[in-house]
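Chemist: Sequence and predicted structure are below.
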Amino acid sequence: MLFSNRLAKETSPYLLQHAHNPVDWYPWGDEALQKAQTEDMPILVSIGYSSCHWCHVMEKESFENSATAQLMNKHFINIKIDREERPDLDHIYMDALQAMTGSGGWPLNVFLTPQLKPFYGGTYFPPVKAYNRASWNDVLLSISKAFKERRTEIEEQANELLNHIKNANSFGLQNPSLIHVPADELFTSKQSEEMFENIMKTADTEWGGFGKAPKFPQTFTISFLLQYHHATGNEKALKQACISLDKMINGGIYDHIGGGFARYSTDNEWLAPHFEKMLYDNALLVVALCDAYQVTKNNKYKKTIEETLQFIDDEMTSEEAGFFSAYDADSEGVEGKFYTWNKSEVDAVLQNNSELFCSLYDITEKGNWEGVNIPRIKVEAEAFCELHQLNIDLFNSTIEECRKKLFETRAKRIKPLLDDKIILSWNALMNMAYSKAFAALGKEEYKEKAVQNMAFLLRAFGDEKKNGLNHVYTKGEAKFNAYLDDYAFLIQALISLQEITSNQQYLKRAEEFTQIVVTHFAEEETGFFYFTEEGQKDIIVRKKEVYDGAIPSGNAVMAFNLHYLGVILNKPEWKEQSMKMVLSLEQAVLKYPGSFAVWAGHLMNLINGYKEVAIVGNDHQEYRDELLKEYLPGIILQTASETIQEFPLLAGRSTEKKNSYIYVCRDYSCLKPTSNTLEALSFLRDRQLIQ
C-alpha cells in the first residue's frame, strides 16, 4: 500500500508530487503552525514549484529517503509550500535567505522558530557533502541540536533577521513635495537619456539581452528601448531591442518545433535553457514581440507571436478558457529530454530533407549540448538561402513541412508534467498578450480568446462573500485571497480589453477592483501597496514589492493603472497617488532602470506626455483598429458609437453627422477632431503639438 502524507488532500501539482514522500509533510496552515507552538518545535519550510529542476533532484535524493525522512519527522514540523500558490510566504522567506546567505533560489529550505521567524536557510542541499555544501542530514542534525542547546542565541538571531526584513520594507516614507508641480517641469528628456545610458551599460550587443549568463528575457527593458527609440529616433536603442528578440527567437530558448519560450538561458548565446515553459514568460514575450512588430513590421516577429499563441492555445488552455501555469523541464527524469534530438532520429524522420534541416538548425552527430541537439538557428533563413543558392519560398515550405513531421514524432514521447493550476495574475498577463496581439496583428480570434478568458476569470476567481478575488483555481476550486499582483494585472488586462472591444463595462470592473486595492492594500503614508491585503494573520510582515523581476512589480503596474483610470474616470486623487509613487522611486529608477523597467516605461510616458484619444461615431471600431495597429506608447484610448456623459473623454462629443471623429487630447484639452486616421497619427507623433 502506497504511503500518503497530508499533502494528498491538496490540489497543487507540486504539493501532490510530495504526497507519497515518507516525510510527514503538512501544507501551510493552522494545524502545522499550532502544533509547532504547542510542542515548541522548530519548523522546516520547504518551498518550490512543479517545474523546478533542483526541487525534483532534492526530493529524489532526500525527501524520498526513509532514513532522512525519519530525521525530519523526529526533529521538525515539516511544511511544503508551492511558491506559486503562496508567493507572499515565498517573498518573505526568500528575503530572509538572501539576507542570511547573499543568494537565493529554489528549492528554498528555511528553518523557523515556532513563532514563524526564520533563523537559518539554504537552497539545494546534497544527500552527502559535496559542492562545498553540507549534506542535508548534517544540516538537520546541527539545526536540531542548536535549537535545543542554543535557543536564546537562535531567538536573538531570528529577531534581528525579522527587524532587517521590516527595515528593508520601509522605503517610500519620504513624502514627495513635488506632486503638484506641473509634469513638464518635473520630467525632462535628460531623465530618459540617463535611463537609456544605464541600460546600455549592461547590454550584450553581440548576443542580445542584458548581462551575462544565466540570461533572462528582460522583456520590460526591451519594451523600454522601443519606447525610447519611438521618442528620440535613437537607432542604437532599436538595434539592441531587436537583436535581443532575434537572438532569443533563433536560440534554443525558443521551441522551434512546438512554439513557445523556455524560462531562461544558461549560456550567453541563448542555446541551452532550463527547459521549463512558464505562462508568464510567454505572455510577456508576446507583448514585447507585438511592440517590436508594430515598430518594425518584421514578419519574423509576427510568425513568432502566432506560433507562441498557437502553443498556448493547444497546450496551456483549459476547457473553461483558463491558462495553465507551466510545463516541467524534465521528462522521464531527464532535463530537456522531450525537446532534444539525436541526429539519427532527425534523419529517420526527415530522410532526404534531413541534411537541409540539420544545417539550418545546428543539428550534428556530436550534438550541440551534452551529446544531444537543441534546435537553434545560427544563420538567418535569407542569408542561409543566399549562401546555398536556394529559392527562399521553396526553402520555407520545406522547412515548415519538416517541422510538422518532427512535431508529430515528438508528440509520441512522454511529455513533461503540466502544472494545471490557473493563477489569476499570470492569466491576466496572458489575457493582455492576446489583446496586444489582436491590436498588432488584427486577428479576431485573439480578441475572442481574450474576451472568453476574461469572462472565465471574473466568474471563477470572484468571491462575493468577501467582496474580492481569489488567487488560484485548480480542479474547479478557487482559493487563497488574491494578492496585489492579481488585482494589478487584472486591472491592466481589463484596461487593454476595453481598448480593443470598446466595452465600457471592462472599465467599470477595473474601477471596482482598483477601489478594493486602494482600500485594502495601500500604505497610507507612502502611497505604495502591500503585496497582501489587510488583516492576513499567517505572515510575519506585510511586504511591499517594487522591483520588476520575472514578472512586473504590482506597484509599478498599479502606478500605471491609477494614472490611466484617473484620466478615464476623472479621479485626480488616483493620478496624484500614482505620481507620489513614481516620485518616491524616481532616483532608483533613473539609476537602475534594468531593475525597475516597468517603472521606467511609465516614467518615459510621463516625460513624453500621455495623450488621450477618443473616437466617437458609427465607424469607431474601424478607426480604433487602424490606430491600434500602430506603435503608440503613452496613449489613453476610449471609443464608443455615441457620447457617454459619465466618461470625460466621451462626454459632449458630436454625433450629428454620419462621420466618426477622432479626438486627440492632453489633459482633456483637444485638437480639432478629425475623421482621417493618418492625420490623427501625425497629431499623436508630434510631441510639441499639445502642451
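Modeler: Arrived safely, thanks for sending.
Chemist: what are the ranges of the strands in the stretch 551-691 of the chain?
Modeler: 611-616, 635-640, 661-666, 669-670 (DSSP state E, counting those that start in this stretch).
Chemist: Could you single out the most deeply buried of the ones you listed?
Modeler: strand 611-616 (a mean of 25; mean count of other C-beta atoms under 10 Å). For every residue, glycine as well, the C-beta is placed using N, CA and C.
Chemist: that older thread, mind checking the strands of the stretch 551-691 of the chain for the one nearest to Leu457?
Modeler: Closest to Leu457 of the strands of the stretch 551-691 of the chain is strand 635-640 (C-beta to C-beta; 21.9 Å).
Chemist: So which elements touch that closest one?
Modeler: Applying 3 or more C-beta pairs under 8 Å, 6 or more residues apart in numbering; DSSP states H and E, one finds that strand 635-640 makes contact with helix 484-501, helix 504-520, helix 554-568, strand 611-616, helix 620-628.
Chemist: Turn those into a markdown table, columns for mean pLDDT and distance to Met579.
Modeler: Converted to a markdown table, the helices and strands packed on strand 635-640 look like this (pLDDT from 0 to 100; distance: least, C-beta to C-beta, whole Å):
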| stretch | mean pLDDT | distance to Met579 |
| --- | --- | --- |
| helix 484-501 | 98 | 17 |
| helix 504-520 | 97 | 15 |
| helix 554-568 | 98 | 8 |
| strand 611-616 | 96 | 17 |
| helix 620-628 | 96 | 27 |
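Chemist: Which one of these lies nearest to Phe111?
Modeler: Here helix 484-501 is closest among the helices and strands packed on strand 635-640 (C-beta to C-beta), at 27.4 Å.
Chemist: hmm, back to that, quick one, which of the helices and strands packed on strand 635-640 gets closest to Phe210.
Modeler: Nearest to Phe210, of all these, is helix 554-568, at 17.8 Å by C-beta to C-beta.
Chemist: list the helices and strands that closest one packs on?
Modeler: The contact analysis (3+ C-beta pairs under 8 Å, 6+ apart) places helix 554-568 against helix 484-501, helix 504-520, helix 572-591, helix 597-608, strand 635-640.
Chemist: Distance to His75 for the ones you listed - can I get that in TSV?
Modeler: Output for those, formatted as TSV (distance: least, C-beta to C-beta, whole Å):
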stretch	distance to His75
helix 484-501	35
helix 504-520	39
helix 572-591	42
helix 597-608	43
strand 635-640	58
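Chemist: about what we covered before: switch the helices and strands packed on strand 635-640 over to TSV; also include distance to Ile47.
Modeler: Shown next, in TSV, are the helices and strands packed on strand 635-640 (distance: least, C-beta to C-beta, whole Å):
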stretch	distance to Ile47
helix 484-501	17
helix 504-520	25
helix 554-568	20
strand 611-616	44
helix 620-628	41
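Chemist: Of the ones you listed, which is nearest Ser344?
Modeler: Of the helices and strands packed on strand 635-640, nearest to Ser344 by C-beta to C-beta is helix 484-501, at 45.2 Å.
Chemist: and that closest one with helix 554-568, angle?
Modeler: Following axes from the mean of the first three to the mean of the last three C-alpha atoms, to 10 degrees, one obtains 40 degrees for the angle between helix 484-501 and helix 554-568.
Chemist: Strands along the stretch 301-450 of the chain, start to end?
Modeler: 326-327, 330-331, 334-335, 418-419, 422-423.
Chemist: gap between the closest residue to Pro27 other than its chain neighbours and Tyr26?
Modeler: Closest residue in space to Pro27, ignoring its immediate chain neighbours: Glu10 at 5.6 Å, by C-beta to C-beta, 6 or more residues apart in numbering. To Tyr26, Glu10 is 10 Å away according to C-beta to C-beta, to the nearest Å.
Chemist: who has more neighbours, the two?
Modeler: Tyr26 (21 against 18; other C-beta atoms under 10 Å).
Chemist: quick one: that one is in a strand?
Modeler: Yes: under DSSP: H, G, I helix; E, B strand; the rest coil, Tyr26 sits within a strand.
Chemist: who touches the closest residue to it other than its chain neighbours in this structure?
Modeler: Leaving aside its sequence neighbours, Tyr26 sits nearest to Ala32 (C-beta to C-beta, 6+ apart; 3.6 Å). Applying C-beta atoms under 8 Å, 6 or more residues apart in numbering to Ala32 gives the contacts 26, 43, 77, 79.
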